[in-house]
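Asks: Predicted coordinates and the sequence they were generated for:
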Amino acid sequence: MKSLKFLILLLSALSLSACTSVKLTNLTQEPIPTNSSQSIETAIINGCKAKGWTPVKGENNIIDAYITVRSHKAHVRISYNEHFYNIDYVDSTNLNYNNGEIHRNYNKWVHKLSSSIRQQLNN
């Protein structure tokens, strides 16, 4: 009886730990302060670099950013104008993207990226 309870607890714990997918979050209409001393593009690039993302400038106020953490990779597109910026999912590897759900770490990485960009914009 004791070993049956242990087996049930073990299986329950394993099934809960496997639940790592969450709804993917795109960040939209993140405000840009009007008193920023840096250019918006420079602030976004510096914010990316500060959190380990590799920014690649595109055309028309677009920056693609890439991050690799162990075997996990994410690619986002940051679009911006003078008032707002957006961070949108583009692609990933080993983050189990499926039907709008993704590994929970992706959203953490994107929120930390956005926080870093805001910090740069407020300098």
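Replies: Perfect, thanks for sending it.
Asks: Need phi/psi at the residue nearest to the spatial centre of the chain.
Replies: Closest residue to the average C-alpha location of the chain: residue 110 at 2.0 Å, with CA atoms, centre = their mean. Here is the backbone geometry of residue 110 (degrees, to the nearest 10): phi -70, psi -40.
Asks: Surely it is in contact with residue 28?
Replies: No. Here residue 110 lies out of contact with residue 28, judged by CB atoms under 8 Å, at a distance of 11.7 Å. (C-beta placed from N, C-alpha, C; glycine too.)
Asks: now the helices for this protein?
Replies: 2-17, 40-50, 104-121 (DSSP state H).
Asks: hang on, the earlier thing: the residue nearest to the centre of the chain: what's it in contact with?
Replies: 25, 27, 74, 76, 87 (CB atoms under 8 Å, 6 or more residues apart in numbering).
Asks: What ranges in this protein fall below the confidence cut-off?
Replies: 1-19, 36-37 (pLDDT under 70).
Asks: repeat that for 80
Replies: Across the chain, the ranges flagged by pLDDT under 80 are 1-19, 34-38.
Asks: Quick one: buried ones out of the contacts of residue 110?
Replies: 27, 74, 76, 87 (16 or more other CB atoms under 10 Å).
Asks: Taking those residues, tell me the two that lie furthest apart.
Replies: Within the buried ones among the contacts of residue 110, two members stand farthest from each other by CB to CB: 27 and 74, at 13.4 Å.
Asks: can you list the residues that contact stretch 113-123?
Replies: Under CB under 8 Å, 6+ apart, the answer for stretch 113-123 is 27, 30, 32-33, 36-38, 40, 42-44, 46-48, 50-51, 53, 65, 76, 78, 85, 87.
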